[in-house]
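# just to be clear, the model below is a prediction. Sequence and coordinates:
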There are 2 protein chains.
Amino acid sequence: MPPNTAAKEISLKVIKTACSNCNLRELCLPLGLSDEEMHRLDDLVSTRKRIKRGDYLYRAGQEFDSIYAIRSGFFKTDVLLEDGRDQVTGFQMAGELLGLDGISAERHTCNAIALEDSEVCAIPFPRLQSLSREIVTLQHHFHKVMSREIVRDHGVMMLLGTMRAEERLAAFLLNLSQRFTARGFSPAEFYLRMTREEIGSYLGLKLETVSRAFSRFQEEGLIAVQQKHIRILDIPGLKRLMTHHAP
Amino acid sequence: MPPNTAAKEISLKVIKTACSNCNLRELCLPLGLSDEEMHRLDDLVSTRKRIKRGDYLYRAGQEFDSIYAIRSGFFKTDVLLEDGRDQVTGFQMAGELLGLDGISAERHTCNAIALEDSEVCAIPFPRLQSLSREIVTLQHHFHKVMSREIVRDHGVMMLLGTMRAEERLAAFLLNLSQRFTARGFSPAEFYLRMTREEIGSYLGLKLETVSRAFSRFQEEGLIAVQQKHIRILDIPGLKRLMTHHAP
DNA sequence: TTTTGCGGTTGACATGGATCAAGCTAATTC
DNA sequence: GAATTAGCTTGATCCATGTCAACCGCAAAA
């Protein structure tokens, strides 16, 4: 192999690691930054990490030092209660941040587990804090990201507190669809990365209930399910289900 | 009235408005700041606002410009769904912050309603952002406060997703008890500021279920209830209820 | 003081989702 | 390619909580 080829490969790799060349920059932390600012962020976000399917990115109780931006792949986060019960608190995909809950006690409060082979950018939190004191846009955006997480959680609380099983699942599918769309994928057709049990845990339901709801949706022509492959056939129908099925 | 008395009163009032003289400073935003830093925060947090019982501090949809620190009183926040369903997303007491959800879209996403006559300090958010670029401790603390809110929400999701009615109520009472304790009140005896319906909405239960759970706790000698007056008789008993009643 | 009404309690009954159980499907391992 | 297994589907039954309804009690209004 001629040496210049190797050099090119290396340099390509370096370029690909930078925020400024990441195709997720409009979804992720760099949103709204100028070129100059983004290059300063590049220095910070240099560590990339591969996580195999099933592996932990971090565990509850571990010391917190970085937040993570998902570059590719799919994660779930879950919380464990002392008595063994656990709950999935979220599913995260490319361009989303993991670890914000750890800031509060400087210790992670949940587990983050890859649901497929994934790649994340580690962002050392103290350095992010310094940089966001210098780059106002970064500070503002970071605050918005944290706040958005709070709003998202309120949505989940709403779902768990007031919706019935089928409404919850409809809301879940519509949410996935919308997030896939934002990433340039089909809004109507996707593979679920999580099991029925994980969906159930997230939605406060048992896996059997999730399965039955999928079957019902299929019978009613709202979706086509084949294991983890989902095609949404009637988005307005799913939306109607959510608003008109009030008790 | 001699003029110097009036002057004294005014100056007292001014002093009382400042963070540096607020007895909540160890719970609230100023936590960890030096005297000099706290005085700089004082300038920012100058606007006090009284909210009568039943009145809105802000409403979902309103433009966001400030977060609020509760100086005295008690609030609830709730989210409304299009179809009329609503859910209480939290109860807030003195020293806690309201409005963090509004940062994300620069618009409040929930209603904040006083459950008793209350007083809040308005903190203009853009100014808080500037100041936290200058005062590192303030920046760090603010990040922790936001993160703590995320962790709290995960706790509620856990509660709504995996706990049964009596466990939820036990968790709720223990949480109140602990927060009252942190404010120097009795851990065992307090008045609820909210109705059974509001508790139910927060816990994802109907008011009848809440009422029955209260009665059951009383029968079992865990608490003494008389309307809104609660005395916790057996804190370990309530804790046991939460961990050993797993399905 | 009496009236009114909201919030709370309690009972009887209904039901959505949990639980238990069996069988199926499609990966993964051998 | 067969065997194994994790994940999924479906049916039968059960139970916690919701629903509906009656009544109680305290606080505000008259």
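Perfect, thanks for sending it.

# hey, let's count contacts and neighbours off CA atoms from now on
Fine.

# what about stretch A:22-35 and chain B, touching?
No. Taking CA under 8 Å from any CA of the partner chain as the criterion, stretch A:22-35 and chain B are apart, separated by no less than 13.5 Å.

# stretch A:138-150 too?
Yes. Stretch A:138-150 reaches chain B (CA under 8 Å from any CA) through A:Q139, A:H140, A:H143, A:K144, A:V145, A:M146, A:S147, A:R148, A:E149, A:I150.

# ramachandran angles for the spatially most central residue of chain A?
Compute the mean C-alpha point of chain A, and by CA atoms, centre = their mean the closest residue is A:Q92, 1.5 Å away. Main-chain torsions, A:Q92, degrees, to the nearest 10: phi -120, psi 140.

# go on, the one 10 residues further on?
In this entry, A:G102 is assigned phi and psi values of phi -80, psi -20 (degrees, to the nearest 10).

# pLDDT at the residue nearest to it when sequence neighbours are not counted, what is it?
Excluding the flanking residues, the one nearest A:G102 by CA to CA, 6 or more residues apart in numbering or on different chains is A:H108, at 4.2 Å. On pLDDT, A:H108 comes in at 98.

# A:H108 reaches A:D78, doesn't it?
No. Applying CA atoms under 8 Å as the test, A:H108 and A:D78 come out as separate, 11.1 Å apart.

# would you mind identifying the next helix or strand past whichever strand or helix holds A:F214?
When elements are assigned from DSSP states H and E, A:F214 belongs to helix A:207-219. Next along the chain after helix A:207-219, taking DSSP H and E as the criterion, comes strand A:223-226.

# which parts of that following strand are buried?
Within strand A:223-226, the residues that count as buried by 16 or more other CA atoms under 10 Å in any protein chain shown are A:I223, A:A224, A:V225.

# and A:L173, how close does it get to A:A122?
29 Å (CA to CA, to the nearest Å).

# over to A:R53?
According to CA to CA, A:R53 stands 18 Å off from A:A122.

# before we move on, what about A:N111?
Using CA to CA, A:N111 is found at 16 Å from A:A122.

# burial of the nearest residue to A:F190 once chain neighbours are set aside, as a residue count?
Counting by CA to CA, 6+ apart, A:I230 is the residue found nearest to A:F190 once chain neighbours are left out, at 5.5 Å. Counted by other CA atoms under 10 Å in any protein chain shown, the residues lying close to A:I230 total 17.

# buried ones in the one helix or strand A:I230 maps to?
Using DSSP H and E, A:I230 sits within strand A:229-232. By neighbour count on 16+ other CA under 10 Å, the buried set for strand A:229-232 is A:I230, A:R231, A:I232.

# all strands of chain A, in order?
A:47-51, A:56-58, A:66-72, A:74-80, A:86-93, A:97-98, A:111-114, A:118-124, A:189-191, A:223-226, A:229-232 (DSSP state E).

# confidence-wise, which of these is weakest overall?
strand A:47-51 (a mean of 92).

# quick revisit: of all the strands of chain A, which one comes closest to B:F214?
Across these, B:F214 has its closest neighbour in strand A:86-93 (26.1 Å, CA to CA).

# low-confidence bits of chain A, can you list those?
Applying pLDDT under 70 to chain A flags residues A:1-16, A:244-247.

# how about the residues of it by DNA strand D?
With CA under 7 Å from any atom of the strand as the criterion, chain A comes near DNA strand D at residues A:194-197, A:207-212, A:214-215, A:225-228, A:247.

# of the residues you listed, buried ones?
A:M194, A:R196, A:E197, A:L207, A:T209, A:V210, A:S211, A:F214, A:S215, A:V225.

# out of the residues you listed, which comes closest to DNA strand C?
Taking CA to the nearest atom of the strand as the measure, DNA strand C lies nearest A:T209 of those, at 4.4 Å.

# wait, what's in contact with that closest one?
Neighbour list for A:T209: A:A165, A:G200 [criterion: CA atoms under 8 Å, 6 or more residues apart in numbering or on different chains].

# that older thread, mind listing what the residue nearest to the centre of chain A touches?
A:Q92 sits next to A:I70, A:F74, A:F75, A:K76, A:T77, A:L98 when contact means CA under 8 Å, 6+ apart.

# now it: how far from B:R59?
30 Å.

# and if you look at A:E116?
Per CA to CA, A:E116 is found 41 Å from B:R59.

# over to A:R71?
Taking CA to CA, one finds A:R71 at 37 Å from B:R59.

# swap in A:D234?
33 Å.

# which residues touch the closest residue to A:Q218 other than its chain neighbours?
Counting by CA to CA, 6+ apart, A:Q218 lies nearest to A:A224, which is 5.5 Å off, once chain neighbours are set aside. By CA under 8 Å, 6+ apart, the contact list for A:A224 reads A:Q218, A:I230, A:R231, A:I232, A:L233.

# just these now: which is nearest DNA strand C?
The closest of these, once distances to DNA strand C are taken by CA to the nearest atom of the strand, is A:I230, at 12.4 Å.

# ok, A:E167 - how many residues close by?
22.

# ok, now A:G84?
9.

# quick one: the helix ranked longest in chain A to strand A:86-93, angle?
Identified as the longest helix of chain A according to DSSP state H is helix A:136-162. Here helix A:136-162 runs at an angle of 140 degrees relative to strand A:86-93 (axes from the mean of the first three to the mean of the last three CA atoms, to 10 degrees).

# correct me if wrong: the residue nearest to A:F190 contacts A:Y191.
Yes. A:I230 is in contact with A:Y191 according to CA under 8 Å; the separation is 6.0 Å.

# A:R71 and B:R59: who's more crowded?
Using other CA under 10 Å as the criterion, A:R71 and B:R59 rank with A:R71 on top: 25 against 18.

# need the residues of chain A near DNA strand C, please.
Taking CA under 7 Å from any atom of the strand as the contact definition, chain A meets DNA strand C at A:M163, A:R164, A:A165, A:E166, A:G204, A:L205, A:K206, A:L207, A:E208, A:T209, A:Q227.

# out of these, who's nearest B:E36?
The closest of the residues of chain A next to DNA strand C, once distances to B:E36 are taken by CA to CA, is A:G204, at 48.3 Å.

# list the contacts for that closest one?
Residues near A:G204 by CA under 8 Å, 6+ apart: A:Q87, A:L160, B:L160, B:G161, B:T162.

# bridged to the first one, which residues?
Residues in a beta bridge with A:Q87, per DSSP bridges, are A:V79.

# ok, now which ones touch the nearest residue to A:D234 once chain neighbours are set aside?
Nearest non-adjacent residue to A:D234, counting by CA to CA, 6+ apart: A:L222, 4.9 Å away. Neighbouring residues of A:L222 by CA under 8 Å, 6+ apart: A:I232, A:L233, A:D234, A:I235, A:G237, A:L238.

# list the contacts for the third one?
Meaning A:D234. Shown in contact with A:D234 (CA under 8 Å, 6+ apart): A:G221, A:L222, A:I223.

# which single one of these is nearest to A:L27?
Nearest member of those to A:L27, counting by CA to CA, is A:I223, at 27.9 Å.

# wait, doesn't that closest one sit right on A:L233?
Yes. When contacts are counted by CA under 8 Å, A:I223 is listed as touching A:L233 (4.9 Å).

# anything in contact with each of these two?
Counting by CA under 8 Å, 6+ apart, no residue touches both A:I223 and A:L233.

# A:R168: how many residues sit nearby?
25.
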